[in-house]
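> Predicted coordinates and the sequence they were generated for:
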Amino acid sequence: MGTVIQLKNQINNSYFQLKESVEDKLLLVDDKIKSKLVSKVDLVQKMTDYHLDTGGKKLRALLTLGSAKMCGYSKGTRDINLAACVELIHAATLMHDDVIDNGALRRGKKTLNKVWDNHSSVLVGDYLLSRCFEMMVEDGNIEVLKLLSSTSSKIAQGEILQLQHQGEVDMLEETYLKIISAKTAELFAAATKVGAILSDMQTKEKEALEFYGRNLGLTFQIADDTLDYNSEIKLFGKKIGQDFYEGKITLPIILLFQKADNQEREKLKDIFSKSLRNENDLDYTLSLIKKYDIIKACYQKAQHYINLASNSLSVFKDSNEKNILENLTSFSLSRNF
């Protein structure tokens, strides 16, 4: 296996601070999800139980709870219900993702489609989405319903756009940003905006949190894609090169293709045109990534979105939650899990 490129980042505890800040409500989110996923169909129950046992960061739920708390929401359990709803959308997209990508490992465990099969995984993902839409209707807020239903549509379109550009090493950076904006950033934006909607904030605050979430999501996905060429399984829950072997064109490959010479570009085209890539292909690609300092270049790109996200919170008064959310932008880049 090729050398894994290391990038030192300052440790940021904002994720754990956010988790601690809303810990009681996060436990209720877990309870809500479990209660919503109860099924009389044995296979559905087994698969959803398996999914819940894999854990996860629950970052999107935390963003809804943290945003609502920053905006002063304290009069009910709508934040809990909608945080659960956001997590169910995310979980459903992961199940569908693993089928599309033929994924074998997620969060250090076999994916649902590998334990069972693709057909069941797709249908259980659909089951999660249907439960989510039930919860949206139960909430009764038309603005929330429009936001989350629109977000689900955009995520699906992002998946299709990525499939459309599969294996294109000469993909434009603009196209990549469109893909990750739809696939990842839209749900982050919805998760944070929901917090403002629940709190009856003005348009200015709603738009600020939506902008914050979208740019946080872009940072998060760029970091995630970069970690695929910069991480060990014990640190991140997936093997280095997973995106590479699946033929996904992400920012490290796009920037590498821009900097590579003609001979290297032809080799990269050959590698990504193959139906299967091997360890030697990964070794070669990693050597070029090191040669052109691509990891650093990716993080520099992400820093732009960190600044945008952090600055967008200036419309809110100072608070512990605001400080945590501001610092969370840097965490999304420095994390190793």
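Ah, there it is. Numbers count the residues shown, from 1 in each chain.
> From now on I want contacts and neighbour counts done on CA atoms only, so please keep to that.
Fine.
> quick one: contacts for residue 83?
29, 60-62, 64-65, 191 (CA atoms under 8 Å, 6 or more residues apart in numbering).
> That one is in what secondary structure piece?
Residue 83 is located in helix 78-101, with elements delineated by DSSP states H and E.
> the strands in the stretch 101-250 of the chain, which residues?
Counting by DSSP state E, counting those that start in this stretch, the stretch 101-250 of the chain has these strands, from start to end: 105-106, 109-110.
> most neighbours per residue, which of those strands?
strand 105-106 (a mean of 18; mean count of other CA atoms under 10 Å).
> looking at the strands of the stretch 101-250 of the chain, which one has the lowest mean pLDDT?
Ranked by mean pLDDT, those bottom out at strand 105-106, with a mean of 73.
> So which elements touch that strand?
Under the contact definition 3 or more CA pairs under 8 Å, 6 or more residues apart in numbering; DSSP states H and E, strand 105-106 sits against no other helix or strand.
> So what touches stretch 163-172?
Contacts of stretch 163-172 (CA under 8 Å, 6+ apart): 247-249, 253-254, 257-258, 268-269, 272-273.
> For it, measure first residue to last.
15 Å (CA to CA, to the nearest Å).
> Over to stretch 154-173?
End-to-end for stretch 154-173, by CA to CA: 19 Å.
> pLDDT averaged over it - what is it?
91.
> in that stretch, what's buried?
154-155, 158-159, 161-162, 165-171 (16 or more other CA atoms under 10 Å).
> next one: stretch 310-320
Buried positions in stretch 310-320, judged by neighbour count with 16+ other CA under 10 Å: 310, 312-313.
> quick one on the thing from earlier: quick check on the contacts of stretch 163-172: which are buried?
So, by 16+ other CA under 10 Å, the buried ones in the contacts of stretch 163-172 are 247-249, 253-254, 257, 268, 272.
> Next step: these restricted to helices.
253-254, 257, 268, 272 (DSSP state H).
> Pick the one among those residues closest to residue 294.
Distance to residue 294, by CA to CA, is smallest for residue 253 among those, at 8.5 Å.
> quick one: the closest one and residue 265, what's the gap?
Taken as CA to CA, the span from residue 253 to residue 265 is 10 Å.
> Equivalent analysis for residue 64, please.
From residue 64 to residue 265 the distance is 43 Å (CA to CA).
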